[in-house]
Structures are given as C-alpha cells and as structure tokens.
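[1] could you look at this predicted model? Sequence included:
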Amino acid sequence: MEITGLFVLAALMIASFAGLESKLGRTDRGIARVEHKLDLILDHLGLHAGDPELPQVAALLREGKKIQAIKAYREATGAGLKEAKDAVERMG
C-alpha cells in the first residue's frame, strides 16, 4: 500500500474514533441525567437505597486515605466523582 493510502486510512480511523468518543460522551451524559431523575423520584417517594457496604473503602477511611477511598468507591460502584465523594464523606 502506498504512503498516501496509509495516510487516508489513518485519517479515517481517527475520524471514526472521534465520532465514537463523541457518541460515548453523549451516552454518558444521558445516563447521568436519567440517574439524576431517578434520584429525584426516590427522594420524592422517601425511598433511599443507602450506600453499599464497602469494607475496603471503610478501611481506607480509617487510615485517613480519603482520596484513595473515593477512588475505591468509584471503582466498586461505577459512581461519578461527586457522587463518590459525597458517599465517602457520609461514611466517614
């Protein structure tokens, strides 16, 4: 394959990845909106799922490692940064 063909192929791949990243970003924002609305509904109904019991997060908090605890919470639950920070602060 000649060099021009390789450049065209590389450009098409980059454009495809950019489009995919854009779609993933929109999907993430859409999921965040749905989760927020669901939280509002649960609050309105007086239902609270409560924070999951996470022994690793609790252990990190006892050691004074708040940032690592937030990271561990995010990894275990898939929560966003603010949600994880708020949950860890409630635990501590």
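    Arrived safely, thanks for sending.
[2] return the backbone torsion pair for residue 78.
    phi 80, psi 10 (degrees, to the nearest 10).
[3] how many neighbours does it have?
    Neighbour count of residue 78, defined by other Cβ atoms under 10 Å: 9. Bear in mind the C-beta positions are built from the backbone N, C-alpha and C, glycine included.
[4] which pLDDT value goes with it?
    pLDDT recorded at residue 78 is 89.
[5] from residue 61, how far out is it?
    Relative to residue 61, residue 78 is positioned 20 Å away (Cβ to Cβ, to the nearest Å).
[6] next: residue 92.
    For residue 92 relative to residue 61 (Cβ to Cβ), the value is 5 Å.
[7] what does residue 20 give?
    37 Å.
[8] so between those two, which is more surrounded?
    Between residue 20 and residue 61, counted using other Cβ under 10 Å, the more crowded position is residue 61 (20 against 10).
[9] and the helix or strand hosting that one, what does it pack onto?
    Assigned by DSSP states H and E, residue 61 belongs to helix 55-62. Using 3 or more Cβ pairs under 8 Å, 6 or more residues apart in numbering; DSSP states H and E, the elements in contact with helix 55-62 are helix 66-77, helix 81-91.
[10] wait, isn't residue 88 in contact with residue 71?
    No - between residue 88 and residue 71 there is no contact under Cβ atoms under 8 Å: 9.5 Å.
[11] put the alpha carbons of the helix holding residue 61 into CSV.
    Provided in CSV are the C-alpha atoms of helix 55-62 (Å, rounded to 0.1, in the frame of the first residue of the first chain):
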residue,chain,number,x,y,z
PRO,A,55,-15.1,-2.7,53.6
GLN,A,56,-12.1,-1.6,51.5
VAL,A,57,-13.5,1.9,51.4
ALA,A,58,-14.1,1.9,55.2
ALA,A,59,-10.6,0.6,55.8
LEU,A,60,-9.1,3.4,53.7
LEU,A,61,-11.1,6.0,55.6
ARG,A,62,-9.9,4.6,58.9
